[in-house]
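Enquirer: everything below, folded, please.
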Amino acid sequence: MPVLSVREGWLDTSGPVRPLLVAIFGWVAEQERTRLIERTKAGLERARREGKRLGRIPASPVKVAAALQRIREGASIREAAKAVGLNRETVRRVGAAARVAV
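Expert: Model prediction:
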């Protein structure tokens, strides 16, 4: 699908200039992507240096233990998670890691 700009006549990609424009736009996009990755890595590194916590907050060990105990007593994952206020996928993941029958 050709690009046609009303204001920029040189941007008509239906003519012989199309391969050149596609190459230039591709190069510009690649450079921007590279800069974006660099800025993201620099921001993460700065946050680590400043001691900021990155990622998801871990589930409370007390809640996890309570959920796993409920499962051992016969509750379903959904029931156990809801009773202690955790996401059921968290309970499933931790239960699998702890080798509890979930």
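
Enquirer: show the pLDDT at the residue of the chain most remote from its centre.
Expert: Each residue of the chain has a distance to the centre, and by CA atoms, centre = their mean the biggest one is for P16: 40.8 Å. Residue-level confidence at P16 comes out at 80, pLDDT.

Enquirer: state the mean pLDDT of the strand or helix carrying K82.
Expert: When elements are assigned from DSSP states H and E, K82 belongs to helix 77-84. Mean pLDDT, computed over helix 77-84, is 92.

Enquirer: what are the buried residues along that helix?
Expert: Buried residues in helix 77-84, counted by 16 or more other CB atoms under 10 Å: I77, A80, A81, K82, V84. Quick note: C-beta positions are derived from backbone N, CA and C, even for glycine.

Enquirer: of the residues you listed, closest to V64?
Expert: Relative to V64, the closest of the buried residues of helix 77-84 is V84; by CB to CB it sits at 8.0 Å.

Enquirer: that closest one and E30, how far apart?
Expert: V84 sits 48 Å away from E30, going by CB to CB, to the nearest Å.
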